[in-house]
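Chemist: Need a 3D model of the sequence below.
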Amino acid sequence: MSKHTVGGFAALLTLVAAIAMPIRAQDPPGVAKAVPAEVAAPRDAAASAEPANEAEAADAVVAKPAAPPAAKPAAQKPAAQKPALQKPAVQKPAAAKPVAAKPAPVVSIQGRLELVAGQKQRVDAGEVADGLVYFLPKAGNPKPKPGYFTIRTHSKGFSPALLVVPAGSTVAFPNRDTVLHNVFSRTPGAIFDLGNYGPGQSRQQVFTRPGLITVNCNVHYTMRATVVVMATPYYTRPDKNGRFELTGLPSGPGTLVYWHPRTAAATTQIALPNATAQKQTLIATKPRSDHHAGTH
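Modeler: Residues are numbered from 1 along each chain as shown. Next comes the predicted model:
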């Protein structure tokens, strides 16, 4: 057999072998071929490094599926803003107009004081005006407001001869005569001596102790004055006819007191404002005294 015959025969065998090989179905594009697990592991490093032929190399290339296009984030609509709820304006109540306080009712009481002569006594006309009427509330007295008063020395006498003052008041004794005078008191609890002083001069004394205080002059024995110091603001003097009126009194029960330097004090229980007009008679049992005994 010639060389040409042998070569042709070899080529024919090669062609027959190629035709006998089964036709490999190609996988759809983009889908990786399933490989059994026992086949997936390479037998040795060399076998896994290089494919045996071009067909195996082609099978080794697995097309990766194309990544889907990134989905655009859905545009978020801005949240609808709810209209702000406006709180209804709170209307402040109109300021109440101050109600004018009603003035306290003026409580007053009227009456008449009568002074009559006792046994062996004589009462001069108008002498009842030297008396005093005052009210003592059962609930207690407010503190009276002190004042400034004057008793003049004139024509060798005191004027006025009777003075009623609130506790704590100051009494001045100016000398309106042309001679020396001296003003003093021996009344327990209210003893004082202003000394001798001449015309145009004056002395004064503060009276803090409530009660009846007798004032004399050591130069002229016939000079005598009475200072009645009150612990209540509710007092008054009757007029020459004995009429009196007490006003600005508090409502409620209390004691009405009648006093005169020639008599003992008399009292009446009343309840204001329903008390009726009062009438009280005092009997003069003491002589009228215009001088003091002895010297200072």
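Chemist: low-confidence ranges in the stretch 101-250 of the chain?
Modeler: 101-105 (pLDDT under 70).
Chemist: what ranges do the strands span in it?
Modeler: Using DSSP state E, counting those that start in this stretch, the strands of the stretch 101-250 of the chain run over 107-117, 132-137, 148-150, 152-154, 157-159, 162-166, 169-174, 181-185, 192-197, 202-207, 211-216, 224-230, 235-236, 243-249.
Chemist: The fifth one packs against which elements?
Modeler: It refers to strand 157-159. Counting contacts by 3 or more C-beta pairs under 8 Å, 6 or more residues apart in numbering; DSSP states H and E, strand 157-159 is packed against strand 152-154. For the C-beta atoms, the positions are set from N, CA and C on the backbone; glycine is no exception.
Chemist: Report the buried residues of the strand it packs on.
Modeler: In terms of neighbour count (16 or more other C-beta atoms under 10 Å), strand 152-154 has its buried residues at 152-153.
Chemist: That strand - contacts with which helices or strands?
Modeler: strand 157-159, strand 169-174.
Chemist: Contacts made by the first one with the rest, please.
Modeler: Residues outside strand 157-159 that contact it (C-beta atoms under 8 Å, 6 or more residues apart in numbering) are 151-153, 215, 217, 220, 222-225.
Chemist: Buried ones only from these, please, as a PyMOL command.
Modeler: A single PyMOL command selects the buried members of the contacts of strand 157-159 (16+ other C-beta under 10 Å):
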select buried, resi 151+152+153+215+217+220+223+224+225
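Chemist: Export the contacts of strand 157-159 to TSV and append columns for distance to Gly254.
Modeler: Output for the contacts of strand 157-159, formatted as TSV (distance: C-beta to C-beta, whole Å):
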residue	distance to Gly254
Ile151	30
Arg152	35
Thr153	38
Val215	30
Cys217	38
His220	41
Thr222	39
Met223	37
Arg224	32
Ala225	29
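Chemist: between the contacts of strand 157-159, which is nearest Gly118?
Modeler: Nearest to Gly118 out of the contacts of strand 157-159 is Arg224 (C-beta to C-beta; 20.9 Å).
Chemist: For the closest one, name its beta-bridge partners.
Modeler: Taking DSSP bridges, one finds Asn216 as the beta-bridge partners of Arg224.
Chemist: was I right about it contacting Asn218?
Modeler: No: Arg224 is beyond contact range of Asn218, at 11.9 Å (criterion: C-beta atoms under 8 Å).
Chemist: so what strands line up beside the helix or strand hosting Thr267?
Modeler: Element membership for Thr267 (DSSP states H and E) is strand 266-272. Note on strand 266-272: by DSSP bridges, its sheet partners are strand 252-259 (antiparallel).
Chemist: quick check: angle from the strand it pairs with to strand 243-249?
Modeler: 150 degrees (axes from the mean of the first three to the mean of the last three C-alpha atoms, to 10 degrees).
Chemist: what inclination does strand 252-259 have with respect to strand 132-137?
Modeler: Comparing the axes of strand 252-259 and strand 132-137 via the same axes, to 10 degrees yields an angle of 160 degrees.
Chemist: Any buried residues in strand 252-259, and which?
Modeler: Neighbour-count burial for strand 252-259 flags 254, 256-259 (criterion: 16+ other C-beta under 10 Å).
Chemist: Quick check: the gap between Ala125 and Val164.
Modeler: Ala125 is 22 Å from Val164, where distance means C-beta to C-beta, to the nearest Å.
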